[in-house]
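*Asks:* Take this sequence and fold it.
(chains A and B)
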Amino acid sequence: MTPLDFEAAYAPLWAELEAVVAAAETRRRFDGARLATLYRRVCEHLALAQARAYPIHLTQRLEGLTQSAHRLIYRRHDYGLARLGRLVLVDFPQAVRAHRGYLLAAALLFLVPLLAAGWAAWRDPGFILHLLDAGEVQQFDGMYGDRSEALGRTRDAGDDWQMFGFYVMHNIGIGFRCFAAGLFAGVGSAFVLVFNGTQIGAVGGYLIGAGHARNFLSFVVTHSAFELTAIVLAGAAGLRLGHSWLAPGRHTRLEALRLAARHAVVVVYGVVGLLLVAAAVEAFWSSARWITPAVKYGVGGACWALVLAYLGWQGRPRAAADAAARPAAGGRHAG
Amino acid sequence: MRLDTLHTAETPEGIALSLRPAGLVARGLAYLIDFGIRLGIFMAISITVGLLGKMGAGILLISYFCLEWFYPVLFELTRAAATPGKRVMGLRVVMDSGLPVTPAASLTRNLLRAADFVPAFYGAGIVSMLWRRDSKRLGDLAAGTLVVFSDQVSLHGEVPVAEPQAPARALSAREQAAVVSWAGRARRLTPERLDELARLAEPVLGPGVHGASASQRLLGVAQWVLGRRGGAR
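*Replies:* The predicted structure is shown next:
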């Protein structure tokens, strides 16, 4: 078959595929079955044309055609609420549990400096000046002190919205950077964790030492359940990236990194969710002074229990269902 | 040593897709265009929500956050698979396999922008893009994505019409392909250069019409190879 015969025989088919692709790219409804059939035929034609070294303008036309059809056919379709629901109810908590080791390391990197700095600042009020300058310390004193301009007393609804915006931008940004910095062998994530742990611990210890314990603790107890967990989770995801790069195991370094990123990004989805909740709670609940600290402690404690239980147990298959599924799955593999 | 940067990806059907990774300059310009657009959107929002007082300030901060982190993700998941800046530069984001970019990959590559940014002004990303043949930045490496030119360049066109002419001897498949691809470039080369190349093929050219140049005769051979015979069609 000469190239001219080839083109004459199949050009109508190519024109049809071109039309179907154009329809699929612009409209919502198109004939998917016809697209797949035509795509397969044109793939054959391309292979033939390449094998027989037909004129390049011909093979290039076929290449372009198959490429755009390929993109359409293998496009992902499953966006939407069902996918989001599965992410919240199963995928995210499971991904967190799959990162158990990294989670432990991240939690230690965060909590040890936090407790150490907190203890040091509590013992010696001067310690905080190693970390913050005097102006900032005064600002903290003003925020959590009992004077009239203290946090929450003079704030109206507009302030709450402004602070919500600030917390979203600032805190989720920190979470993202904590994850991204993990790419550098995990050092970046570890640094962000230690740095934030030290700062938060020192400020907390200082305020408690200065006698603002009630104001400070009742302010942070609720949103910290979401915020601190999220920072540790972002750090754990970052450490996973760094570890895959340092010790790729049986994969190539690049492949290990790609694999780790694919799993770790599920955790990052959850980090975004947790930090959004934290920002909302911090802006609208934590700052409300008309709620007595006792209520805040209660709600805060419940939130901590809820978050930890969610991460620990949500999305586990039921024990009975699990036991029933196991032999069945084994049988399928054997068969 | 390979001189081109073509990246080939094989599909399940056994077809090799050839992707052309975009380099630093095209991507840098696309980034600058996007930066301008984001700045414009931010200004527009700040003017409209300025009336809302402190609540407006909150909305402004949230919109800054979304523009910073989710603007590229949103556009990369559309059918064009490119931000407006990339679309202007004729770029699109695909997976290494040539498939459309997935939500997870798009988010990964855009979150790791923060890693590409160190120490300043995307230093790490630029080094990585210059270092690698496929111009990936760190985010692309981890997400398994590739920024490619969306349009094919066409160096070869239709073979110009000429009187079909049989070659002096039977041509091998490689020789036939060479003659046809030479003819496909007839419209892009100067007539002198075309003729010069055609004279290399003089030994296989059959006896032509007296006075016809070598390129005219070789074009005839190309038509013959394509399947056109004198007078038949």
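*Asks:* Now do the residue nearest to residue A:164 when sequence neighbours are not counted: how many residues are near it, please.
*Replies:* Spatial nearest neighbour of residue A:164, excluding adjacent residues (Cβ to Cβ, 6 or more residues apart in numbering or on different chains): residue A:283 at 3.7 Å. In short, each C-beta sits where N, CA and C put it, glycine included. Residues near residue A:283, counting by other Cβ atoms under 10 Å in any protein chain shown, number 23.
*Asks:* I'd assumed residue A:163 was in contact with residue A:283.
*Replies:* Yes. Contact criterion Cβ atoms under 8 Å: residue A:283 and residue A:163 qualify, at 4.5 Å.
*Asks:* related to what we said a few turns ago, please give me every residue in contact with the residue nearest to residue A:164.
*Replies:* Applying Cβ atoms under 8 Å, 6 or more residues apart in numbering or on different chains to residue A:283 gives the contacts A:160, A:161, A:163, A:164, A:167.
*Asks:* Among those residues, which are located in helices?
*Replies:* Counting by DSSP state H, those place A:160, A:161, A:163, A:164, A:167 in helices.
*Asks:* Figure out the helix or strand that the closest residue to the last one other than its chain neighbours lives in.
*Replies:* Read it as residue A:167. Spatially, and ignoring its direct neighbours in sequence, residue A:167 is nearest to residue A:279 (3.7 Å; Cβ to Cβ, 6+ apart). With elements taken from DSSP states H and E, the one containing residue A:279 is helix A:253-281.
*Asks:* Where do the helices of chain B begin and end?
*Replies:* Listed in chain order, the helices of chain B (DSSP H) span B:24-49, B:54-69, B:71-76, B:84-88, B:103-111, B:113-117, B:123-131, B:138-143, B:173-184, B:191-200, B:214-226.
*Asks:* Which residue, other than its chain neighbours, is closest to residue A:125?
*Replies:* Closest residue in space to residue A:125, ignoring its immediate chain neighbours: residue A:209 at 5.6 Å, by Cβ to Cβ, 6+ apart.
*Asks:* what about the residue nearest to residue A:167, how many neighbours?
*Replies:* Counted with other Cβ under 10 Å, the neighbours of residue A:279 add up to 24.
*Asks:* State the distance from it to residue B:46.
*Replies:* The gap separating residue A:279 from residue B:46 is 20 Å, by Cβ to Cβ, to the nearest Å.
*Asks:* next one: residue B:154
*Replies:* Applying Cβ to Cβ, the value for residue B:154 to residue B:46 is 45 Å.
*Asks:* give me every residue that touches residue B:187.
*Replies:* B:157, B:160.
*Asks:* So for it, what's the pLDDT?
*Replies:* pLDDT recorded at residue B:187 is 86.
*Asks:* what's the closest non-adjacent residue to the residue of the stretch 201-335 of chain A found nearest chain B?
*Replies:* Residue nearest to chain B within the stretch 201-335 of chain A: residue A:261 (4.0 Å; Cβ to the nearest Cβ). Among residues not flanking residue A:261 along the chain, residue B:142 sits closest, at 4.0 Å (Cβ to Cβ, 6+ apart).
*Asks:* in terms of contact, does that neighbour touch residue A:184 like I think?
*Replies:* No. Judged on Cβ under 8 Å, residue B:142 makes no contact with residue A:184 at a distance of 11.8 Å.
*Asks:* okay, the two: which has more neighbours?
*Replies:* Between residue B:142 and residue A:184, counted using other Cβ under 10 Å, the more crowded position is residue B:142 (30 against 19).
*Asks:* what's the spacing between that one and residue B:121?
*Replies:* Distance from residue B:142 to residue B:121, counting by Cβ to Cβ: 20 Å.
*Asks:* Right, I'll leave it there.
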